[in-house]
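Asks: heads up, no residue letters with this:
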């Protein structure tokens, strides 16, 4: 178990019921238990706070700020923080939610040249600024977000997602939590059908 | 109310009961309501997650990692993020918890020359690294923390406090939440008795 | 005496007459001798040059550039250089000269969100640029200063104050000169009357 | 054709014979023409110099510096330069040459926590330094490389690969050359068999 | 011979014929063999690629982009990379090609205050950005170059020169190749006649 | 006269006597009036303080810290601040004082590979740190300087020279003071006799 954290990782059957149930539900849906669910589990109170915060911001969408957009913010700011767990795990979710097998890698390395809407560009530019130089965020950035069509609720969410993953990236670095192997390939299938048929298998 | 956030701030009597009760308790103890309690309140689920996380990490101590030490981590990393709210509010708590009227300002500006124990120095150096360059944290830093006397639980707490205030600093910048005026002077009294008696009042 | 410098600190009665007289005058007015007066005193020629330069720039004001404004430049650029002596000592002077108990801490941590005039904002933005990235200062910054109402004399003073404290910050770091304890509380009294009456003493 | 460069892209049948032959050979082997071959083709002399340089450094191996190691250097330094083309295209080659479907993504985001040999770690640390802060490379780094088992020839190759991709990354940014879609999925198959069987197709 | 490289330097009579001939030609023209010709010579294939690339970009001019302009790009970006060889050797060429004994030193230290045309300023600003932060180059920079009068061919050349010297600077740092003593004084003669007649010799 | 400053430059016959006399003396010795003497002259009090400070630190030497060493500190730290005036003017003085026509250019671009003594290396490394990241200077750097043979007086001088030119560099940038043309060629003569005899004049 030490392969997924620098700290203690409890066995599944030692977990408090609420943690165990949520983890079982995730495993059921994904086919595996994402490592972060186990790496935080030795601290149930923090675990509960973390996932409550996460769910409040990520399991929602609005006209201007879809679930895929939220994941794009995670991938771009986590790449700026060199956080492998979040880049790979949320990159997989971007592929699935945006139904695009390439976009996650594109924004992780160079979001400025990626095929994005203008609103997504404004969103990512301001999000990245908050992630890496938060004092530089000023009223002009809020004006730009509003002009791009984001509501006050959306704008709050954008900033809060950046903030939550500022936390999350640092936890993953601190505990050295790797992404599950499964995440690397998830959602790449459309690329496969387009690009790889006929290529020789290794 | 707009003076304490770029976003909506609910009236006290519009708050869910659990928020209202916690806020009343804090006001009772401090004599005022710290602005962050109100600035996050329009999002009760996030409010609850934030303070649950906060309490799990800050309202505890251990032999090697006192409550004052935890606040030092907050002040030093928040200063690196130029977060006025956290530097001033948690600076006040440092003054009170460490019973030292000068230490908070000293570490906020230049922790390396501040009067700290060697263990505190190691703690702050690694904490700051996680705050500003998280990918650079390596096994050697964990070895240094252990050598300085911190337990695995303490080390987890150090990193998690940094992570939580990486979030908190960004929320405060995003919403432009100022510290309450009261925080600026809290805990400076011992300095006063030492230094200022006999100085002319303005 | 070694507590106020890494280098030799002469006794007051060993000082050249002109240094001794100026120091006595300052002590008389403030109630204490600021450490920098003693830390530089083992080099009387440099001491004289430093304070002559200081007086030529700081003991003056103009319509557009008050004494308090000059001190704001010192606090903001010294904070960028992490210089505890200058942030705390000149922070105290800001509090007294601007008759504002909060402004010094506000600009030291995040001048962009501080309650300043538009002219002060332009002044601090350009001053900070000269402090941290001097080659980036261009004609457009001089145009902005002039447009904000600063005369050629004012503009010279702004740049020269930045330059003098670029020197001063480095001397204070080099010799490890701490601010006197007295500076930390000076000028915070109005905050006290506003905020702290009725608060329990520690 | 404008989709693969900001500059002119000649048709395949307009190319000089030597370029056309090499491109046909690559297409034959890979199943597609990597975009960089076309994006540079409007300047045949530079095209020839670029690929001659590339082949001299990349199409070789030694006991200590395998072809996969050479590609790792490309991925890590190109990631530091945010070069999507090189990260994705050479990431694919890493997956194939190292027979590891995960390693390329791991080193692109956080090589320090990736499963590498100690020699690879020294190699990547020095390579990255040359890529981002070349003046900081000193004799101590050459000593470290030699101590890790690299010959003089290997060490020259390490530095030259970094140098060549410092050029290549800048060309790809300048012309805005995207990686071919095919590269994204190449070499991920082993992960697939391990991780994805049984996962629902999108 | 070890004085001009960290790696092996072949004797002139051991070189392949094509290298020997080119080197003889350069020596004939300049009066000395620039060290870079020898430092790369132990790798003839790379030597050939490097000088072929160099000649394709540097031995040409256009209405908007003269040979002197090309050398200015080299000096400014090499100064940003702290590469002594390129700053000194190409500084000499700037002096000769621009017939200006001062311009090379001026742009090496602070190109923004140097006496340049507006087109040169745009050229150097974008070139420097590509050199130090390549991901930040965007469509707006290409628009600015076009507006300044540069053709598509010129723009390609500007970026490619930056890219080639990103390689060259790193090779020179890696091998620790010093400029020949001769370069330091080349082309300073006009300054001499203007400024130094009548000055006492040392 | 506006060519040497963004601010007013008084005529020589309008200067206070002490300034005029010093300037006449310098002109007599050098054959020209260095621009900085004129650019500061509209503020006689600051002029006097500046040159008094300068003379106290630069017109002296000791066994371990020669006049040439002092100038090396100026060149290296001024290069880090991109200050053309100081790099060129004090580069000339280095050439003359160190009787070396190449050393100034070498240290300005890459002091780490320059032919220096070990004591000079320590001196420049710590000086540069104080110039660009003053808070990072710690007791270990003072120990290194002492171990390299510098006395307390020397160490004070090293830091004070850095501090004075932190000021000087910013003044020169602020007023946009160019070096006199004469400085560029001063002291290059030995190189000339070695390297340039027989080279064709332009």
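Replies: Everything's here; your move. All values derive from a computational prediction rather than experimental measurement. Residues are numbered from 1 along each chain as shown, chains lettered A, B, ... in the order given.
Asks: CA only for contacts and neighbour counts going forward, please
Replies: OK.
Asks: for the spatially most central residue of chain A, what is the enclosing helix or strand?
Replies: Geometric centre of chain A, nearest residue: residue A:90, 3.6 Å, by C-alpha atoms, centre = their mean. Taking DSSP states H and E as the criterion, residue A:90 maps to helix A:84-97.
Asks: just the angle between the helix or strand following that helix and helix D:84-97, please?
Replies: Counting by DSSP H and E, the next helix or strand C-terminal to helix A:84-97 is helix A:103-110. On the basis of axes from the mean of the first three to the mean of the last three C-alpha atoms, to 10 degrees, helix A:103-110 is oriented at 120 degrees to helix D:84-97.
Asks: these two touch, right, residue A:54 and residue A:162?
Replies: No. Counting by C-alpha atoms under 8 Å, residue A:54 stays clear of residue A:162, with 11.2 Å between them.
Asks: higher neighbour count, these two?
Replies: In terms of neighbours (other C-alpha atoms under 10 Å in any protein chain shown), residue A:162 is the more surrounded of residue A:54 and residue A:162; the figures are 30 against 18.
Asks: in which helix or strand does the more buried one reside?
Replies: helix A:152-175.
Asks: list the helices and strands the helix or strand following that helix packs on?
Replies: For helix A:152-175, the following helix or strand on the C-terminal side (DSSP H and E) is helix A:181-185. If contacts are counted by 3 or more C-alpha pairs under 8 Å, 6 or more residues apart in numbering or on different chains; DSSP states H and E, helix A:181-185 sits against helix A:84-97, helix D:189-191.
Asks: from the middle of its chain, how far away would helix A:181-185 be?
Replies: Averaged C-alpha coordinates place helix A:181-185 at 14 Å from its chain's average position (C-alpha atoms, centre = their mean, to the nearest Å).
Asks: and that helix, average pLDDT?
Replies: For helix A:181-185, mean pLDDT rounds to 97.
Asks: coming back round to it: tell me how far the residue nearest to the centre of chain A lies from residue D:187.
Replies: Look at residue A:90 and residue D:187: by C-alpha to C-alpha, to the nearest Å, they are 21 Å apart.
Asks: now residue A:44
Replies: Residue A:44 is 39 Å from residue D:187, by C-alpha to C-alpha.
Asks: more crowded one of those two?
Replies: residue D:187 (23 against 15).
Asks: tell me, what's the model's pLDDT at the residue of chain A found nearest chain E?
Replies: Closest to chain E within chain A is residue A:110: 7.1 Å, counting by C-alpha to the nearest C-alpha. Looking at residue A:110, its pLDDT reads 98.
Asks: how about the contacts made by it?
Replies: Going by C-alpha atoms under 8 Å, 6 or more residues apart in numbering or on different chains, residue A:110 touches D:82-84, E:135.
Asks: where does residue A:75 land in three-state SS?
Replies: Applying DSSP: H, G, I helix; E, B strand; the rest coil to residue A:75 yields a three-state assignment of helix.
Asks: please look at it and residue A:107 and confirm they touch.
Replies: Yes. Using C-alpha under 8 Å, residue A:75 makes contact with residue A:107 at a distance of 7.3 Å.
Asks: tally up the residues packed near residue A:158, please.
Replies: Neighbour number of residue A:158 under other C-alpha under 10 Å is 25.
Asks: tell me which residues touch it, please.
Replies: Contacts of residue A:158 (C-alpha under 8 Å, 6+ apart): A:70, A:73, A:123, A:127.
Asks: so residue A:50 touches residue B:49, yeah?
Replies: Yes. Between residue A:50 and residue B:49 there is a contact under C-alpha under 8 Å: 6.9 Å.
Asks: quick check: buried residues in stretch A:122-139?
Replies: A:122-132, A:134-135, A:137-138 (16 or more other C-alpha atoms under 10 Å in any protein chain shown).
Asks: picking that back up, and the helix holding residue A:90, what does it pack against?
Replies: Short answer (3+ C-alpha pairs under 8 Å, 6+ apart): helix A:84-97 packs on helix A:67-80, helix A:103-110, helix A:152-175, helix A:181-185, helix D:103-110.
Asks: can you do 6 Å?
Replies: With contacts defined as 3 or more C-alpha pairs under 6 Å, 6 or more residues apart in numbering or on different chains; DSSP states H and E, helix A:84-97 has these neighbours: helix A:67-80.
Asks: is any residue of the helix it packs on near chain E?
Replies: No. Judged by C-alpha under 6 Å from any C-alpha of the partner chain, helix A:67-80 stays clear of chain E, getting no closer than 12.9 Å.
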